[in-house]
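K.L.:
sharing a model prediction with you, sequence too.
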Amino acid sequence: MADDNNTGFFTKLKARLNRGTSWLSTELRGLGAQPLDENVIEELETRLLTADVGVEATSWLIAEMRTANKRKPGTPAIELLRETAAELLRTIEAPLAIDKAHRPFVILVIGVNGTGKTTTIGKLAHRLRSRGHTVLLAAADTFRAAAVEQLKEWGQRADVPVIAQNTGADPAAVIHDALLAARARDIDVVLADTAGRLHTAAGLMDELDKIKRVVRRFDATAPHEIMLVLDASQGQNALAQALRFHERLGLTGLAITKLDGTAKGGILLAIARQLKVPIRLAAVGEGIGDLDDFRANDFVRAMLGDKP
């Protein structure tokens with residue numbers, strides 16, 4: 001790996017992704033050592049579909065593996081899968097970059113309930129601050145008092161200020177106040193929490209449209225990042241959520257959570273094929289430091305149970 005930090009994160013990702021029965025390192029290890037033939041392909045297809053990779057991405061992977069096998073006959077199937085999966089995931093590997101030309105750089109964080117959205121914001125605030133950025137949090141999830149309190153707790157842990165109003169306040173107004181405060185304090189980044197919502201809830205999706213309009217009145221180039229937090233353990237349902245959010249709002253990045261809660265992880269391959277929105281960040285635990293850039297090679301190696 002490039003440095004000790006990367007190695008440490010890979011080790012943690014491998015350990016947590018492979019809790020229980022890993023879908024590749026255990027189930028495919030013996031099978032994958034064999035050359036690619038029709039029997040191996042049939043078994044691979046079954047395993048990939050079981051791992052939430054989905055029909056479209058599975059078909060693409062198998063086709064690419066067949067092509068690669070023609071170039072290098074006799075290559076173990078697991079090596080073909082490693083190369084093909086990494087190639088696919090590298091197309092959506094794009095770390096979050098804060099453009100200093102925009103101050104504040106506005107990140108609107110959205111997602112359904114239970115994905116770890118507020119926790120991800122807290123971890124990201126800590127991450128950005130540790131890299132020298134000044135950060136402000138906007139508590140625009142005003143439907144739940146617990147959400148505001150949770151964000152304030154994360155603000156304290158990350159040592160960043162939080163702008164909040166009373167429960168039931170207009171979320172767009174909270175974000176507007178946060179933007180004014182950030183400009184007055186010369187803050188680099190505003191992270192805006194929003195209420196969890198199902199992608200099928202028309203009224204709440206309309207609210208996000210309103211928030212976007214308010215932000216753009218403040219800065220025509222903002223929000224500079226619309227980040228969807230996705231729970232990897234939700235499998236194909238997570239992909240359906242992402243597709244609807246992207247259609248409605250134009251996502252610019254994803255944060256993948258709860259990789260420590262699934263032994264599968266194949267949904268990321270489906271996302272790469274069907275959604276094509278960059279994965280910015282991956283979370284593998286509840287600790288404030290358990291968030292890092294998504295790295296395609298690391299992810300594939302962790303799924304396969306490779307050694308650091």
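P.N.:
Good, I have the coordinates.

K.L.:
please, where are all the strands along the stretch 51-200 of the chain?
P.N.:
Assigned by DSSP state E, counting those that start in this stretch, the strands in the stretch 51-200 of the chain fall at 105-110, 135-140, 162-163, 189-194.

K.L.:
what lines up beside the second one in the sheet?
P.N.:
If you go by DSSP bridges, strand 135-140 pairs up with strand 162-163 (parallel), strand 189-194 (parallel).

K.L.:
most tightly packed of these?
P.N.:
Comparing those by mean neighbour count (mean count of other Cβ atoms under 10 Å), strand 189-194 comes out on top with a mean of 28. Backbone N, C-alpha and C define where each C-beta goes, glycine included.

K.L.:
avg pLDDT for that one?
P.N.:
Regarding strand 189-194, the rounded mean pLDDT is 96.

K.L.:
any idea how far it is from the middle of the chain?
P.N.:
16 Å (Cα atoms, centre = their mean, to the nearest Å).

K.L.:
re earlier: Thr252: which of the strands of the stretch 51-200 of the chain is closest?
P.N.:
Shortest distance between Thr252 and these, using Cβ to Cβ, is found for strand 105-110: 9.2 Å.

K.L.:
other residues contacting the closest one?
P.N.:
98-99, 117, 120-121, 124, 179, 188-194, 197, 208, 211-212, 215, 219, 222-229, 245, 249, 255 (Cβ atoms under 8 Å, 6 or more residues apart in numbering).

K.L.:
got the angle between that strand and strand 189-194?
P.N.:
20 degrees (axes from the mean of the first three to the mean of the last three Cα atoms, to 10 degrees).

K.L.:
which strands border strand 105-110, and is each parallel or antiparallel?
P.N.:
According to DSSP bridges, strand 105-110 has these partners: strand 189-194 (parallel), strand 225-231 (parallel).

K.L.:
can you dump the C-alpha atoms of the shortest one in PDB for me?
P.N.:
The one in question is strand 189-194. Output of strand 189-194 as PDB, limited to C-alpha atoms (Å, rounded to 0.1, in the frame of the first residue of the first chain):
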ATOM      1  CA  VAL A 189     -16.700  23.900   4.600                       C
ATOM      2  CA  VAL A 190     -20.400  23.600   5.600                       C
ATOM      3  CA  LEU A 191     -21.800  20.100   6.100                       C
ATOM      4  CA  ALA A 192     -25.600  20.200   6.000                       C
ATOM      5  CA  ASP A 193     -27.500  17.300   7.700                       C
ATOM      6  CA  THR A 194     -31.000  16.700   6.300                       C
END
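
K.L.:
which helices and strands sit right next to the following helix or strand past it?
P.N.:
Toward the C-terminal end, the helix or strand that comes next after strand 189-194 (DSSP states H and E) is helix 202-218. Under the contact criterion of 3 or more Cβ pairs under 8 Å, 6 or more residues apart in numbering; DSSP states H and E, helix 202-218 touches strand 105-110, helix 171-185, strand 189-194, helix 236-249.

K.L.:
helix 202-218: which residues count as buried?
P.N.:
In terms of neighbour count (16 or more other Cβ atoms under 10 Å), helix 202-218 has its buried residues at 204-205, 207-208, 211-212, 214-215, 218.

K.L.:
repeat for stretch 150-166
P.N.:
Across stretch 150-166, burial judged by 16+ other Cβ under 10 Å covers 150-152, 154-155, 158, 160-165.

K.L.:
and the residues you listed, which two are furthest apart?
P.N.:
Ala158 and Gln165 (20.4 Å).

K.L.:
what pLDDT does Ala172 get?
P.N.:
If you check Ala172, the pLDDT there is 95.
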